[in-house]
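# Structure of the sequence below:
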Amino acid sequence: MKCEWVKENVVLYVYNELPDDARYELEQHLGRCPDCTAELKATRKFHAVLSQLPVEEPSPNLLAASRMRLEESLETVQPGGFWRRLVFDPGAWLRQIQFAPALAAALVIVGFAGGIAASYKLMSNPGNLESLVPRAAAPAPTESSITAIRSISQNPGSSTVSIQYDTVSTQQAEGSLNDQRIQQLLLFATRNNYNSGVRMDSVDLLTQQPSNSQVREALIYALRYDSNPGVRLKALDGLAAFVKSDPRVRDALLEGLMDDSNLGVRAEALHLLEPVRADSSVRAVLVKLAEHDENAYIKSQARSMLAQLPEFD
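Next comes the predicted model:
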């Protein structure tokens with residue numbers, strides 16, 4: 001992997017938009033390249049500055065108008081190649097075969113025979129007709145259709161979660177934590193909602209299922225980038241059980257220990273790293289903190305953890 005590629009994609013990495021394989025390769029490269037690591041730190045600082053700026057939530061009217069303009073623009077796009085014309089403009093290719101009667105006749109015969117065969121199969125087994133009847137199902141919301149999550153609540157004594165969210169108008173979804181639609185809304189809320197209370201509720205519920213890989217990624221994202229220290233502490237609670245088994249979790253905790261602006265988050269990350277203090281990367285960070293950290297408590301705890309480790313020969 002070349003440095004040029006890393007620098008072109010480091011923003012996507014910061015916003016967690018890279019595919020897993022590309023993300024892994026980029027992280028491996030960062031471990032070997034100080035220049036690209038510096039580029040990543042600069043990008044993260046820029047992201048942190050942007051996150052502190054107030055962001056106005058777009059109104060439903062603005063979203064609706066924008067979507068209408070998008071639809072109008074798409075209607076004016078010139079048609080592409082053969083397959084695009086086949087799918088979106090069947091009249092065009094039908095006109096092209098009007099001068100090929102043999103081909104047209106063949107198509108008619110094939111279609112007629114296929115229709116007879118399909119009808120015979122359906123009539124011989126009436127149960128097959130049931131499969132043609134569409135079943136009503138609530139469509140899972142997509143991130144592009146959601147403008148905001150308004151509230152999240154869990155019914156007392158049950159696993160049912162109620163979520164109010166806005167598209168063009170406010171909607172509500174209810175279901176178990178295992179419901180895919182509920183999980184999508186919770187994951188969306190952790191990254192895209194401007195209400196810190198909603199993000200806190202979402203992360204709190206997601207910590208009940210930290211073994212899910214998507215949930216764990218969302219908790220790592222919250223620990224690294226959420227502007228609210230309470231949300232970051234909740235994310236630490238959900239990640240605590242995976243410090244030993246998941247290197248990504250350990251790296252996120254080390255990053256929080258080194259760079260987080262909140263002493264409570266740093267202290268909790270240091271406490272969670274204690275069982276893996278013998279790890280080489282953890283030991284290196286502890287040495288740095290014990291020598292140079294500006295906070296007396298962090299410096300003292302780092303020295304205490306190092307004192308419990310055997311000396312290298």
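# what about residue 13, distance to residue 304?
35 Å (Cβ to Cβ, to the nearest Å). Placement of C-beta: from N, CA and C, glycine included.
# Which of the two has more residues huddled nearby?
Each of residue 13 and residue 304 has its neighbours counted (other Cβ atoms under 10 Å); residue 13 has more, 18 against 12.
# And for residue 214, nearest residue in space, chain neighbours not counted?
residue 187 (6.2 Å; Cβ to Cβ, 6 or more residues apart in numbering).
# Go ahead and confirm residue 264 touches residue 236.
No - distance between residue 264 and residue 236: 9.6 Å, which falls outside the contact criterion (Cβ atoms under 8 Å).
# and residue 281, how many neighbours?
14.
# Low-confidence stretches in the stretch 201-313 of the chain?
311-313 (pLDDT under 70).
# ranges for the strands of the chain?
148-154, 160-166, 170-176 (DSSP state E).
# I'd like the distance between residue 220 and residue 299.
Taken as Cβ to Cβ, the span from residue 220 to residue 299 is 26 Å.
# Of the two, which one has the most company?
Using other Cβ under 10 Å, the more surrounded residue of residue 220 and residue 299 is residue 220, with 23 against 15.
# Restricting the selection to alpha carbons, write stretch 245-265 to CSV.
Below are the C-alpha coordinates for stretch 245-265, written out as CSV (Å, rounded to 0.1, in the frame of the first residue of the first chain):
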residue,chain,number,x,y,z
SER,A,245,-9.9,-10.8,22.9
ASP,A,246,-10.2,-7.9,20.3
PRO,A,247,-7.2,-5.9,19.3
ARG,A,248,-9.4,-3.2,17.9
VAL,A,249,-11.0,-2.6,21.2
ARG,A,250,-7.6,-2.5,22.9
ASP,A,251,-6.3,0.1,20.4
ALA,A,252,-9.4,2.2,20.9
LEU,A,253,-8.9,2.2,24.6
LEU,A,254,-5.2,3.1,24.2
GLU,A,255,-6.2,6.0,21.9
GLY,A,256,-8.8,7.2,24.5
LEU,A,257,-6.2,6.9,27.3
MET,A,258,-3.7,9.0,25.3
ASP,A,259,-5.9,11.6,23.7
ASP,A,260,-9.3,11.9,25.4
SER,A,261,-10.0,15.4,26.9
ASN,A,262,-12.0,14.0,29.8
LEU,A,263,-10.1,12.6,32.9
GLY,A,264,-12.9,10.2,33.8
VAL,A,265,-12.8,8.6,30.3
